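Novice: could you look at this predicted model? Sequence included:
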Amino acid sequence: MRAMVLVEPNKPLELMQVAIPTPNADQLLIKVEACAVCRTDLHILDNELKQPKLPLILGHQVVGTIMGTDERVGVPWLAKSCGHCSYCLAGSENLCDDGLYMGYQINGGYAEYCVAYKDYIVHIPEDYSSIHAAPLLCGGLIGYRTLRLAGDAKKLGFYGFGAAAHILTQVAAFQGKEVYAFTRDGDTETQNFAKSLGAVWAGGSSEMPPEPLDAALIFAPAGELVPQALRVIKKGGSVVCAGIHMSDIPSFSYDLLYGERIIRSVTNLTREDAQEFFQLLSQAKINTVVTTYPLEEANQALKDLKTGKLTGSAVLKI
């Protein structure tokens, strides 16, 4: 099969012919139809996440069919957890110390085939094409967990308006919440895009919104946004950091945190998150905006994501 392979961090992926993987008794062989490109893939490529299996096939937003059937499924970031540690037994399999992750410790979807653990796949709604479903497997799922950890906040600030935020803006609007979108300063194109999806206000990340917010969700991997997000939330509000990697958070005055404000992170996802999110999708049609690339142009897709040239999500069409 064809696959785009990471041989060494900080080097472009290489197009290779590799053996089709053989599933074990707990796994299924998936014929990949689409795989969305995620900023986590960039963090692995740029050696900011330090424990990849090498050589590695990236990709953890995989949509394809189970070999020998017409059943279409999705394969998200959490490939498997141990099932018996204190975290797993408490319903927090996302924190499992022995968890395995798709496109990180297990070869992912930048290829024509991949394997997936039977108990961790997601069934894809029929009204989504594979290309438009792929961004739901991380931008949607981990984004949904981020939104859920903001609690009952009604006025939400979204920092970093990419794959996750463009999906979650629609989810929040469906739930009757208000989204205030923060983009790179001067990026009026993305600000207008945010408004078209339901944001009630959009501006630069250095700006103050017209009123204090209940929570701020940070999707960009920029630590300097944390103090800025604290400035825009009211007392008792939360700043929720969604990324698996973030640059260092600069020091800030304690008065920004005072007033029982909260800073918290999101770590991975659970199968319960997936069940809740896809149940919500049966009630609200969420549109994913995608730019497609053939498999062999995965490096260009990653470059476009890194340089901010994308609107919505990048998806490899296999």
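Specialist: Okay, I see it. Quick caveat: nothing in here was measured; it's all calculated off a predicted structure.
Novice: strands along the stretch 101-250 of the chain, start to end?
Specialist: Secondary structure of the stretch 101-250 of the chain (DSSP state E, counting those that start in this stretch): strands at 113-117, 122-123, 155-159, 178-183, 201-204, 213-218, 233-241.
Novice: how about these, which one is nearest residue 148?
Specialist: strand 233-241 (9.4 Å; C-beta to C-beta). For glycine as for every other residue, the C-beta is placed from the backbone atoms N, C-alpha and C.
Novice: report the angle between that closest one and strand 155-159.
Specialist: 40 degrees (axes from the mean of the first three to the mean of the last three C-alpha atoms, to 10 degrees).
Novice: which elements pack onto strand 233-241?
Specialist: helix 141-149, strand 213-218, helix 225-232, strand 262-265 (3 or more C-beta pairs under 8 Å, 6 or more residues apart in numbering; DSSP states H and E).
Novice: CSV for these, including distance to residue 204?
Specialist: Output for the helices and strands packed on strand 233-241, formatted as CSV (distance: least, C-beta to C-beta, whole Å):
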stretch, distance to residue 204
helix 141-149, 21
strand 213-218, 14
helix 225-232, 10
strand 262-265, 22
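Novice: need these in JSON lines (columns: mean pLDDT).
Specialist: Below are these laid out as JSON lines (pLDDT from 0 to 100):
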{"stretch": "helix 141-149", "mean pLDDT": "95"}
{"stretch": "strand 213-218", "mean pLDDT": "98"}
{"stretch": "helix 225-232", "mean pLDDT": "98"}
{"stretch": "strand 262-265", "mean pLDDT": "97"}
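Novice: nearest to residue 185, out of the ones you listed?
Specialist: helix 225-232 (11.2 Å).
Novice: export only the CA atoms of that closest one, formatted as PDB.
Specialist: This file holds the C-alpha atoms of helix 225-232, laid out as PDB (Å, rounded to 0.1, in the frame of the first residue of the first chain):
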ATOM      1  CA  LEU A 225      -2.900  33.500  25.100                       C
ATOM      2  CA  VAL A 226      -3.500  32.200  28.600                       C
ATOM      3  CA  PRO A 227      -3.000  35.500  30.400                       C
ATOM      4  CA  GLN A 228      -4.900  37.300  27.600                       C
ATOM      5  CA  ALA A 229      -7.800  34.900  28.100                       C
ATOM      6  CA  LEU A 230      -7.800  35.400  31.800                       C
ATOM      7  CA  ARG A 231      -8.300  39.200  31.100                       C
ATOM      8  CA  VAL A 232     -11.500  38.600  29.200                       C
END
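Novice: any buried residues in it, and which?
Specialist: 225-230, 232 (16 or more other C-beta atoms under 10 Å).
Novice: do the same with stretch 260-275
Specialist: Applying 16+ other C-beta under 10 Å to stretch 260-275 flags 261-263, 266, 268-271, 273-274 as buried.
Novice: wait, which of the helices and strands packed on strand 233-241 is closest to residue 124?
Specialist: helix 141-149 (12.3 Å).
Novice: which helices and strands does the closest one pack with?
Specialist: So helix 141-149, by 3+ C-beta pairs under 8 Å, 6+ apart, packs with helix 163-174, strand 233-241, helix 271-281.
Novice: nearest to residue 93, of these?
Specialist: helix 271-281 (7.1 Å).
Novice: how much does the following helix or strand past that closest one deviate in direction from helix 163-174?
Specialist: As assigned by DSSP states H and E, the chain's next helix or strand after helix 271-281 is strand 290-294. Orientation check (the same axes, to 10 degrees): strand 290-294 against helix 163-174 gives 150 degrees.
Novice: in the lengthiest strand in the chain, what's buried?
Specialist: Identified as the longest strand of the chain according to DSSP state E is strand 27-37. For strand 27-37, burial by neighbour count (16+ other C-beta under 10 Å) applies to 27-37.
Novice: in a markdown table: the residues you listed, plus pLDDT.
Specialist: A markdown table is the format used below for the buried residues of strand 27-37 (pLDDT from 0 to 100):
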| residue | pLDDT |
| --- | --- |
| 27 | 98 |
| 28 | 98 |
| 29 | 98 |
| 30 | 98 |
| 31 | 98 |
| 32 | 98 |
| 33 | 98 |
| 34 | 98 |
| 35 | 98 |
| 36 | 98 |
| 37 | 98 |
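Novice: same list (those residues) but as JSON lines, adding distance to residue 301.
Specialist: As requested, the buried residues of strand 27-37 are exported to JSON lines (distance: C-beta to C-beta, whole Å):
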{"residue": "27", "distance to residue 301": "27"}
{"residue": "28", "distance to residue 301": "26"}
{"residue": "29", "distance to residue 301": "25"}
{"residue": "30", "distance to residue 301": "20"}
{"residue": "31", "distance to residue 301": "21"}
{"residue": "32", "distance to residue 301": "15"}
{"residue": "33", "distance to residue 301": "16"}
{"residue": "34", "distance to residue 301": "12"}
{"residue": "35", "distance to residue 301": "10"}
{"residue": "36", "distance to residue 301": "9"}
{"residue": "37", "distance to residue 301": "5"}
